[in-house]
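Colleague: take this sequence and fold it.
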Amino acid sequence: MKIINKSLLAVALFFLTGAASAEKPNVWFTGSGQGFTEYLITNGDVKVNISCNYASMPSFDHGIFITRYNPKTKTDEEIFTFRDNTGDGEFIIDGISYFPSSPTDNKFSSGEWRRFTEAMSAAKKFELKIKDKTIGIFTPQGKSIREVASEMKDCKDMITLRNTIFKE
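Modeller: Now for the predicted structure:
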């Protein structure tokens, strides 16, 4: 009985420390499930979630979701998504503007997605703007860039993925 309790405690601590590391400001964290990999970073208040379809169904596209922590409800509340971005959402990465959007299955959005993920995978600083208002400034830590965000450059647009790994 004590062995089971110790095992449960170890599993619970593992998940708690994993969740806590996701909340450290300016540290990239990743998680995966059902063919998607999520790259998450927070500046303490605002969280950026870049969700990449690496091996899910080819009809599902990538996505970028912006949330803000609400201390009253103790939950993250979505404040913006980059679906069909018409210029309202902007990342300024190391001084260059990016306007990623999903779906990434047309020529413009696929090209912008590639530019964005390559730049974000090495970004030392980025600013997030929604409707020309700065929502957050992020300065990812070097180790989390090298060990987590660097893999984001492999998050190819859906045109490329449908012609390679999803090709039937």
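
Colleague: go through stretch 99-106 and flag the buried ones.
Modeller: Judged by neighbour count using 16 or more other C-beta atoms under 10 Å, the buried positions of stretch 99-106 are 99-105. Every C-beta, even on glycine, is put in place using the N, C-alpha and C of the backbone.

Colleague: what's the end-to-end length of it?
Modeller: The first residue of stretch 99-106 is 14 Å away from its last residue (C-alpha to C-alpha, to the nearest Å).

Colleague: stretch 30-49 too?
Modeller: Terminal-residue distance, stretch 30-49 (C-alpha to C-alpha): 9 Å.

Colleague: and it, how far from the chain's centre?
Modeller: 4 Å (C-alpha atoms, centre = their mean, to the nearest Å).

Colleague: same question, stretch 81-95
Modeller: Distance of stretch 81-95 from its chain centroid, counting by C-alpha atoms, centre = their mean, is 13 Å.

Colleague: output that stretch as PDB, nothing but the C-alphas.
Modeller: These are the backbone C-alpha positions of stretch 81-95, laid out as PDB (Å, rounded to 0.1, in the frame of the first residue of the first chain):
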ATOM      1  CA  THR A  81      -6.800  33.800 -32.100                       C
ATOM      2  CA  PHE A  82      -4.800  34.100 -35.300                       C
ATOM      3  CA  ARG A  83      -7.500  32.300 -37.300                       C
ATOM      4  CA  ASP A  84      -8.200  34.300 -40.500                       C
ATOM      5  CA  ASN A  85      -5.900  37.000 -39.300                       C
ATOM      6  CA  THR A  86      -6.600  40.100 -41.300                       C
ATOM      7  CA  GLY A  87      -3.800  42.200 -39.800                       C
ATOM      8  CA  ASP A  88      -5.300  42.600 -36.300                       C
ATOM      9  CA  GLY A  89      -2.700  40.200 -34.800                       C
ATOM     10  CA  GLU A  90       1.000  41.000 -35.200                       C
ATOM     11  CA  PHE A  91       4.200  39.600 -33.800                       C
ATOM     12  CA  ILE A  92       7.300  41.800 -33.900                       C
ATOM     13  CA  ILE A  93      10.200  39.400 -33.700                       C
ATOM     14  CA  ASP A  94      13.600  41.000 -33.400                       C
ATOM     15  CA  GLY A  95      12.400  44.100 -35.100                       C
END
